[in-house]
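[1] Coordinates only, no sequence provided:
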């Protein structure tokens, strides 16, 4: 194993939240998102994973990114590419108390 590969392997073991592919997962369980706020880079993907026992409808009406994942059943995963910098407020149309603030950096 080359030195660079060893360093990368150690970094991934020490920092499992690091994503080399620009993809991060945000779970939904107990009618809440797994985090209240997150920072991503322009072009990164957030995969919304419904780990709950009920359906959700994740959406955003923010100027930086508007989307609607529609009905998402338990066990489903749906990706969203955050391709514009800015603030994105993400909510669930079924459970209004579900709130996630995404900061998309250049």
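    On my side now, so go ahead. Computed from a prediction, not measured in an experiment: that's the story for all the values here. Numbering: from 1, shown residues only.

[2] in the chain, which spans are helices?
    Counting by DSSP state H, the segments of the chain that form helices are 3-14.

[3] quick one: low-confidence parts of it?
    With pLDDT under 70 as the threshold, the chain has low-confidence stretches at 1-21.

[4] At the geometric centre of it, which residue do we find?
    Taking C-alpha atoms, centre = their mean, the centroid of the chain lies closest to residue 46, which sits 3.2 Å from it.

[5] Give me the neighbour count for the closest residue to residue 101 other than its chain neighbours.
    In space, and not counting its chain neighbours, residue 101 is closest to residue 37: 4.4 Å by C-beta to C-beta, 6 or more residues apart in numbering. For glycine as for every other residue, the C-beta is placed from the backbone atoms N, C-alpha and C. Burial of residue 37, expressed as a neighbour count using other C-beta atoms under 10 Å, amounts to 11.

[6] How about the contacts made by residue 37?
    Contact criterion C-beta atoms under 8 Å, 6 or more residues apart in numbering gives 100-103 as the residues in contact with residue 37.

[7] Show me just the buried residues among these.
    Neighbour counting over these (16 or more other C-beta atoms under 10 Å) leaves 100, 102 as the buried ones.

[8] which of the contacts of residue 37 lies closest to residue 92?
    Set against residue 92, the nearest of the contacts of residue 37 by C-beta to C-beta is residue 100 (9.1 Å).

[9] who's the closest one bridged to?
    Taking DSSP bridges as the rule, residue 100 bridges to residue 90.

[10] could you check the distance from it over to residue 33?
    The spacing between residue 100 and residue 33, counted by C-beta to C-beta, to the nearest Å, is 4 Å.

[11] Over to residue 41?
    Remark: distance between residue 41 and residue 33 (C-beta to C-beta) = 19 Å.
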